[in-house]
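Engineer: turn this into a model:
(2 chains)
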There are 2 protein chains.
Amino acid sequence: MKYLYIVGALGSIGTQTLDIVRNNKDEFKVVGMAVGSNLALAKELIEEFKPEVVCYRNNKCDLSYSPIEYFGDEGLLKLASYHKYDNEVFVNALVGISGLLPTVYAIKSKKDIALANKETLVVAGDLIKALVKEYNVSLTPIDSEHSAILQCIHGENKSEIKRLIITASGGSFRNKKREELENVTKADALKHPNWSMGSKITIDSATMMNKGFEVIEAHYLFDIPYEKIDTILHPESIVHSMVEYNDGSIKAQIGASDMHIPIQYALRYPSHNNLDGKSLNLIGLNLNFMELSTLRYPCLKYAYMVAKKGGIYYAVLNAANEAAVYLFLNDKIKFLDIERIIYSEISNDEYKSISYNLENIIDISKKIIDKLVVRYGGK
Amino acid sequence: MKYLYIVGALGSIGTQTLDIVRNNKDEFKVVGMAVGSNLALAKELIEEFKPEVVCYRNNKCDLSYSPIEYFGDEGLLKLASYHKYDNEVFVNALVGISGLLPTVYAIKSKKDIALANKETLVVAGDLIKALVKEYNVSLTPIDSEHSAILQCIHGENKSEIKRLIITASGGSFRNKKREELENVTKADALKHPNWSMGSKITIDSATMMNKGFEVIEAHYLFDIPYEKIDTILHPESIVHSMVEYNDGSIKAQIGASDMHIPIQYALRYPSHNNLDGKSLNLIGLNLNFMELSTLRYPCLKYAYMVAKKGGIYYAVLNAANEAAVYLFLNDKIKFLDIERIIYSEISNDEYKSISYNLENIIDISKKIIDKLVVRYGGK
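Structural biologist: Residues are numbered from 1 along each chain as shown, chains lettered A, B, ... in the order given. Here you go, the predicted structure:
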């Protein structure tokens, strides 16, 4: 039995994780749930899974039983620190840098980490890797791309990897030229062609910042240098990523565009048993692979630029993006302003003197977000 | 250092294996070579690699040194039995059932087997598997499809496999309808769209008997029941085969249409180091997957039919095919006669009483081939 803590339980990844628990009650038990502001859905799912610990954002639900109850950001850390069973897994499906500290606390309380919150590794990859080592827990990705890479390198010798090839759907605007992007709307940006996801990651896909984050995430998850991490445009999102070896052989993971598959792999790694998602019909597939241009998608280039700068600039990149996406979703800036804001922040030399540690990462992230939101009138 | 015996050294697989040895002299040494009738090429390659043992088909070359020399079918068995080093690999690139006994003798002299001769496993899979176990040697495929499957299951748990998916290019006539096949010529049949191979396997690809053999070969190589082995039409020959797991995840091996890659994988298994072939440019690829119809390609169905009958019928299938391809290549029968002859033989109940052992496999194969060649005036 694995004992799960699911934070971000009401979102896309959270509810799909709960689907898997629902279908495999002899394998998984939910011990903790952190829920957002949809209290009707929260009540329904808490009553169904009856976790021992619940963390609410603000207001609590009226329940038929009495779990331990926590609230807000501090409550998230208490939930992450709760510890009762041998075999605990912390499923982090939070959005943005708010996922960072809960991951740190979960590691320190000896939970294995199943990570959908990619910002955790983007802003603090070195620190998280060191903690994972120190506390001897596992760190498994829930992203479809990183799940694919994990599957393709399982059983292989890392020194024989020539490169990782992360596939990208191209996002909502993949059929638009750059000059057509100036006046695109929020509604258009939120229509992802292949995946149904939360709004932040859907915008990150449209700007390709998401792919940049995935490059950074892959670097930390698999200990692969950036010069060995490539991206490729694959509009069908059927090949979820690939690994090329030194002998010219490429291993690819293929599957339906269904997040249940990477979630179940993260929970059962390295087992491939039990289908809780959709299986793929290969007949009739037509799969295309094209160059992913950094001229068309500069945010991807910004990720590599930040990787060269290193240190606190990972947090600067993420904070600038979080603020810009928030502003775009609140109709304060245009779509292309997102990348302009990011470029301006990561080019700012004044962050150079800030040393790379957890406190500074959180502090500078908050400062940048507050500054940008005030500047563009978001609040 | 691995010590290689290469039988069929002048053919497509043989010369590509020698390419790999040429590029990696600190890794591989050729101890034995069996050559065919092109004595000019034989002399050149023997002088280059200086094997200790040579087997000629009929006439010998005039050499600058004095290796041990054997001749003909009996010589092949002597070469297979030669034993001097700890780490010997027998690369079987012979064509047809003539590859069977050399494999048996090589196993009995404790050589690991790298197998391009698929007929060995088709006619005597159970016997070969038992010998491999008894003599504790390894058996590694050189076929691109089986190499792909081996790569996709490496490190995985076999019990979690849902099915193997063997890809097929469709062969020389993949763009022709069945009714257009009646009067196709030998020259047309020998033009394979993706691979440059020997004439027998190119015809086997056109009839899809080759894919049928690969289904049988996969069954024995990976201990997977026939109902879990599927085939799919993939005209580009870029995805060399796939494995679907119980969780809906599919692993695929992708690479250039270059046999150096599966050969080097067989020689270095499970290492992926060193490229001795072509690397693949993924950009611009357009990959298609279609149903492989057994109405269009009945030989594929015949393989599954024979698998149900089992025993000596594996040899009957192969012998009928060997004879028919020989007759077609000698302009004695038409293209569609190949499958008619095969169907007639495998439907013949008189073979039922013949028990499945090495002597009977060789005996009935010879009898069927002789009978068919006489009947259709091949000799």
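
Engineer: buried residues, stretch A:94-111. List them.
Structural biologist: Within stretch A:94-111, the residues scored as buried using 16 or more other C-beta atoms under 10 Å in any protein chain shown are A:94-107, A:109, A:111. To be clear about C-beta, it is placed using only N, CA and C from the backbone, and glycine gets the same treatment.

Engineer: phi, psi of residue A:91?
Structural biologist: phi -90, psi 110 (degrees, to the nearest 10).

Engineer: and it, how far is that from residue A:277?
Structural biologist: Residue A:91 is 16 Å from residue A:277, where distance means C-beta to C-beta, to the nearest Å.

Engineer: ok, now residue A:138?
Structural biologist: 22 Å.

Engineer: residues near the residue of chain A found nearest chain B, how many?
Structural biologist: Residue nearest to chain B within chain A: residue A:155 (1.6 Å; C-beta to the nearest C-beta). Number of residues near residue A:155 (other C-beta atoms under 10 Å in any protein chain shown) recorded here: 13.

Engineer: hmm, back to that, who's more crowded, residue A:91 and residue A:277?
Structural biologist: Each of residue A:91 and residue A:277 has its neighbours counted (other C-beta under 10 Å); residue A:91 has more, 33 against 22.

Engineer: now do the contacts for that one.
Structural biologist: Residue A:91 sits next to A:4-7, A:13-14, A:17, A:114, A:116, A:142, A:263, A:266-267 when contact means C-beta atoms under 8 Å, 6 or more residues apart in numbering or on different chains.

Engineer: how about CSV for those, with distance to residue A:307, secondary structure and neighbour count added?
Structural biologist: Formatted as CSV, the contacts of residue A:91 follow (distance: C-beta to C-beta, whole Å; DSSP: H, G, I helix; E, B strand; the rest coil; neighbours: other C-beta atoms under 10 Å in any protein chain shown):
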residue, distance to residue A:307, secondary structure, neighbour count
A:4, 32, strand, 28
A:5, 31, strand, 28
A:6, 31, strand, 29
A:7, 27, strand, 27
A:13, 25, helix, 27
A:14, 30, helix, 24
A:17, 30, helix, 30
A:114, 24, strand, 27
A:116, 22, coil, 29
A:142, 22, coil, 25
A:263, 27, helix, 26
A:266, 24, helix, 26
A:267, 30, helix, 23
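
Engineer: which non-adjacent residue is nearest the residue of chain A most remote from its centre?
Structural biologist: Relative to the C-alpha centroid of chain A, counting by C-alpha atoms, centre = their mean, residue A:64 is the outermost residue, at 33.3 Å. Leaving aside its sequence neighbours, residue A:64 sits nearest to residue A:47 (C-beta to C-beta, 6 or more residues apart in numbering or on different chains; 6.2 Å).

Engineer: thinking again about what came up before, and the buried residues of stretch A:94-111, which of them are in helices?
Structural biologist: Among the buried residues of stretch A:94-111, the members falling in helices (DSSP state H) are A:100-107.

Engineer: of all the residues you listed, which comes closest to residue B:328?
Structural biologist: For these, the closest approach to residue B:328 (C-beta to C-beta) belongs to residue A:103, at 65.6 Å.

Engineer: what residues sit buried inside the helix or strand of chain A with the lowest mean pLDDT?
Structural biologist: Lowest on mean pLDDT, DSSP states H and E among the helices and strands of chain A sits helix A:186-189, with a mean of 89. Within helix A:186-189, the residues scored as buried using 16+ other C-beta under 10 Å are residue A:189.

Engineer: helices or strands next to that helix in the packing?
Structural biologist: helix A:199-207, helix A:313-329 (3 or more C-beta pairs under 8 Å, 6 or more residues apart in numbering or on different chains; DSSP states H and E).

Engineer: mean pLDDT lowest where, among those helices?
Structural biologist: Per-stretch mean pLDDT for these is lowest at helix A:199-207 (a mean of 92).

Engineer: got the angle between it and helix A:313-329?
Structural biologist: Between helix A:199-207 and helix A:313-329, the angle comes out at 100 degrees (axes from the mean of the first three to the mean of the last three C-alpha atoms, to 10 degrees).

Engineer: what are the pairing partners of whichever strand or helix holds residue A:287, and which direction each?
Structural biologist: Taking DSSP states H and E as the criterion, residue A:287 maps to strand A:286-288. Sheet pairing of strand A:286-288 (DSSP bridges) gives strand B:286-288 (antiparallel).

Engineer: next helix or strand past the partner strand?
Structural biologist: With DSSP H and E, the next secondary element past strand B:286-288 is helix B:298-309.

Engineer: contact residues of the stretch 251-379 of chain A facing chain B?
Structural biologist: Residues of the stretch 251-379 of chain A found near chain B (C-beta under 8 Å from any C-beta of the partner chain) are A:251-256, A:258, A:261, A:264-265, A:268, A:270-280, A:282-291.

Engineer: contacting residues around the closest residue to residue A:341 other than its chain neighbours?
Structural biologist: Among residues not flanking residue A:341 along the chain, residue A:324 sits closest, at 4.3 Å (C-beta to C-beta, 6+ apart). Residues in contact with residue A:324 (C-beta under 8 Å, 6+ apart) are A:333, A:337-339, A:341-342, A:372.

Engineer: any of the residues of the stretch 251-379 of chain A next to chain B buried? List them.
Structural biologist: Judged by 16+ other C-beta under 10 Å, buried ones among these: A:251-256, A:258, A:261, A:264-265, A:268, A:271-272, A:274-277, A:279-280, A:282, A:285, A:287, A:289-290.

Engineer: re earlier: among the helices and strands packed on helix A:186-189, which is the most enclosed?
Structural biologist: Burial of those is given as mean neighbour count (mean count of other C-beta atoms under 10 Å in any protein chain shown); helix A:313-329 ranks first at a mean of 26.

Engineer: what lies in contact with the following helix or strand past that one?
Structural biologist: Per DSSP H and E, the first helix or strand lying C-terminal to helix A:313-329 is helix A:335-346. Contact with helix A:335-346 is made by A:181-184, A:189, A:203, A:206-207, A:209, A:298-299, A:302, A:305-306, A:309, A:313, A:316-317, A:319-321, A:323-325, A:327-328, A:333, A:368, A:372, as judged by C-beta under 8 Å, 6+ apart.

Engineer: what comes up buried for helix A:335-346?
Structural biologist: Applying 16+ other C-beta under 10 Å to helix A:335-346 flags A:335-336, A:338-339, A:341-343, A:345-346 as buried.

Engineer: go on, stretch A:70-81?
Structural biologist: Those would be A:70, A:75-80, for stretch A:70-81 by 16+ other C-beta under 10 Å.

Engineer: mind listing what residue A:48 touches?
Structural biologist: Counting by C-beta under 8 Å, 6+ apart, residue A:48 has contacts A:18, A:22.

Engineer: next: the one 10 residues further on.
Structural biologist: With contact taken as C-beta under 8 Å, 6+ apart, residue A:58 is in contact with A:37, A:71-72.

Engineer: so residue A:225 sits against residue A:164, correct?
Structural biologist: No: taking contacts as C-beta atoms under 8 Å, residue A:225 lies outside contact range of residue A:164: 10.2 Å.

Engineer: more neighbours: these two, which one.
Structural biologist: Taking other C-beta under 10 Å, residue A:225 and residue A:164 do not tie; residue A:164 has more neighbours (26 against 9).

Engineer: helix/strand/coil for the more buried one?
Structural biologist: Under the three-state scheme (DSSP: H, G, I helix; E, B strand; the rest coil), residue A:164 adopts strand.

Engineer: what residue ranges in the stretch 51-200 of chain A score low on pLDDT?
Structural biologist: The model of the stretch 51-200 of chain A has pLDDT under 70 over residues A:196.

Engineer: show me what from it comes close to chain B.
Structural biologist: Proximity of the stretch 51-200 of chain A to chain B, by C-beta under 8 Å from any C-beta, involves residues A:151-152, A:154-157, A:160, A:165.

Engineer: mind putting those in JSON lines, secondary structure included?
Structural biologist: As requested, these are exported to JSON lines (three-state DSSP):
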{"residue": "A:151", "secondary structure": "helix"}
{"residue": "A:152", "secondary structure": "helix"}
{"residue": "A:154", "secondary structure": "coil"}
{"residue": "A:155", "secondary structure": "coil"}
{"residue": "A:156", "secondary structure": "coil"}
{"residue": "A:157", "secondary structure": "coil"}
{"residue": "A:160", "secondary structure": "helix"}
{"residue": "A:165", "secondary structure": "strand"}
